[in-house]
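Undergrad: What follows is a predicted structure for the sequence shown.
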Protein chains: 2
Amino acid sequence: MNDTQVAAPSAWDLAVRPGFLIRRLHQIHVAMFAEECGHLGITPVQFSILSVAAAQPGLEQARLGHEVGVDRTTLANVVARLESRGLLTRAQGAADRRLKHVTLRPDGHAMLDAMAEPARRAHARTVEALVEPERAVFLRALSVLVAAGNQYGRAALRLA
Amino acid sequence: MNDTQVAAPSAWDLAVRPGFLIRRLHQIHVAMFAEECGHLGITPVQFSILSVAAAQPGLEQARLGHEVGVDRTTLANVVARLESRGLLTRAQGAADRRLKHVTLRPDGHAMLDAMAEPARRAHARTVEALVEPERAVFLRALSVLVAAGNQYGRAALRLA
DNA sequence: CGCTTGTCGTCAGCGTGCTGACGATCGCGC
DNA sequence: GCGCGATCGTCAGCACGCTGACGACAAGCG
């Protein structure tokens, strides 16, 4: 071990800090997603929201946020953008008037269809550099870490 | 196999999309980092910039951005914040007057010292849920993916 | 010398993600 | 019925990260 004194910054290279690598990989994935899907003007988060909204029509914003791991404030912004583009609608709840139910419109379904193939490519390319035994291990480890840390932040997933 | 028609969104669960997991893990790490270091008012990106600026005093903004994988526009914002807090200085270059050389001030070094231990904990906790053989494999895979995708986006690392 | 090309820092603008706060509403206990 | 706490959506404000554009400057070329 070293003296706790030794804080020589180059000794603790950025490239070995897990959080640093995760941030960079996220940037890389977003760039690849933009390359594949940019012409459609949809971001990864918007794609996730459309996917869940298609699978569970009428879901209210709070639950939708839990499904996609998006903070309710952020979700309101993103959904507002998608609504203004005519991809979905927000309807105030009848039983509980606090809720706003989100439902895809035809353009939203069409967008999902158009995105299926390019989005699949973007996700595949993100982990393409790993050869097969490692890739599966990596993705499993990723799932483990996300499940373990799910309670952190405002955007905890519902996790079934 | 399915008809390409079948776009049933729940069939392609969010939780198996690599990019989705990476985004969530990044959120989780940021939350853990805030929990450990929030009282110091420093974010992960700011910590990376301070680290590199300490190791390579006088580095200009462009190179600094390449070292930390931060777009030059974003870097200008972050550095401006750190400067306004007195943690570093920006000095216009003498030889090349386009450049702005970034150098840590004493408060910046003190901040790095104060952050060393909590930041180390935040990074460790991010991958804590993996037991040892898998953790090393995961981190190596992360490095491989970052190296492979480094050229994407505006924030490519210099990679030695 | 002047022109072109390229780099560096900056700006405006947008999207994601967080905090802290607020009004509106619901459910519970009384 | 009424108040109390909890929840839902929203707002203001801030930090990252990107695009496209711009002025300032450097370096190469004719």
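TA: Yep, it's here.

Undergrad: Using the three-state scheme, assign the residue nearest the centre of chain A.
TA: For chain A, A:V45 is the residue whose C-alpha lies nearest the centre (Cα atoms, centre = their mean; 4.7 Å). For A:V45, the reduced secondary structure class is helix; criterion used: DSSP: H, G, I helix; E, B strand; the rest coil.

Undergrad: so how far is chain B from it?
TA: 8 Å (Cβ to the nearest Cβ, to the nearest Å). All C-beta atoms are positioned from the backbone trio N, CA, C, and that covers glycine.

Undergrad: can you tell me which residues contact that residue?
TA: A:V68, A:V70, A:T74, A:V78, B:R23 (Cβ atoms under 8 Å, 6 or more residues apart in numbering or on different chains).

Undergrad: before we move on, what about A:H109?
TA: Neighbours of A:H109 in contact, by Cβ under 8 Å, 6+ apart: A:A54.

Undergrad: what about it, helix or strand, and which?
TA: helix A:106-126 (DSSP states H and E).

Undergrad: How many neighbouring residues does A:V70 have?
TA: Neighbour count of A:V70, defined by other Cβ atoms under 10 Å in any protein chain shown: 26.

Undergrad: How about A:N77?
TA: If we define neighbours as other Cβ under 10 Å, then A:N77 has 12 of them.

Undergrad: do the same with A:Q151
TA: Other residues close to A:Q151 by other Cβ under 10 Å number 11.

Undergrad: Wasn't it part of a helix?
TA: No. When three-state DSSP is applied, A:Q151 is found to be coil, with no helix at that position.

Undergrad: Contact residues of chain A facing DNA strand D?
TA: A:23, A:27, A:30-31, A:34, A:60-63, A:65, A:72-73, A:76, A:79-80, A:90, A:98-100 (Cβ under 7 Å from any atom of the strand).

Undergrad: Could you tell me which of these count as buried?
TA: Using 16 or more other Cβ atoms under 10 Å in any protein chain shown as the burial test, the residues of chain A next to DNA strand D include A:R23, A:Q27, A:V30, A:A31, A:A34, A:E60, A:Q61, A:G65, A:V79, A:R90, A:L99, A:K100 as buried.
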